[in-house]
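Asks: Give me coordinates for this.
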Amino acid sequence: MFSPARPGAADAYRRIGVETSMHTVDQHQIVNLLFEGVLREIVRARGAIQRGDLTTKIDAISRALRIIEEGLSTSLDRVDGGELAQNLSTLYDYCMRQLVLANVRGDESLLQEVQSLLEPIAQSWKDIRAQALGLGAESGETSPQGQRAGPLAGSAGTGS
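Replies: You can find the predicted model right below:
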């Protein structure tokens, strides 16, 4: 009655689910998710260093580096972002250098430094998002793209 499952069918289904969900997520939420991911990986790397788990440390730091480089850095609006985008770019570069050093040296204090630099920015993004959703939710307005209206509705793509 049913055909046997093809190898890779589950992976294809998961990919479609991720791609579909990305179309329904606004830019601001993506940046929030990137910050959550990088901080989660830093915590994972710190735990791995404490346990002496070299493989997990390398994996977690590599993931954190990719999130910063391919996610947070590329989301910056370097044309219209002005001084804020430049400062964040400089900070992200510094964080990446510190993560590489932490990986080479197995130095948890460098990971803690990066975590302490990124946490306030991540919290600010959460606060801004909550404020924007609160304003949009009260009025019930949505943008033409179906996103809640608010002060960030048109500027969420300006980057971190």
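Asks: I figured D107 was touching L101, is that so?
Replies: Yes. At 6.7 Å, D107 and L101 qualify as touching, with contact defined as CB atoms under 8 Å. C-beta: built from backbone N, CA, C; applies to glycine.
Asks: now for the helix or strand where R97 lies, which elements pack on it?
Replies: According to DSSP states H and E, R97 maps onto helix 82-105. Where contact means 3 or more CB pairs under 8 Å, 6 or more residues apart in numbering; DSSP states H and E, helix 82-105 is packed against helix 27-51, helix 54-66, helix 108-139.
Asks: could the ones you listed be laid out in CSV, adding mean neighbour count?
Replies: Listed next are the helices and strands packed on helix 82-105 as CSV, based on neighbours: other CB atoms under 10 Å:
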stretch, mean neighbour count
helix 27-51, 19
helix 54-66, 17
helix 108-139, 16
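Asks: for G106, phi and psi?
Replies: phi 70, psi 40 (degrees, to the nearest 10).
Asks: From here on, call the first residue 38.
Replies: Renumbered: residue one is now 38, and that last one reads G143.
Asks: From R103, how far off is the nearest residue to it once chain neighbours are set aside?
Replies: Closest residue to G143 apart from its sequence neighbours, by CB to CB, 6 or more residues apart in numbering: I86 at 5.6 Å. Distance, I86 to R103, by CB to CB, to the nearest Å: 19 Å.
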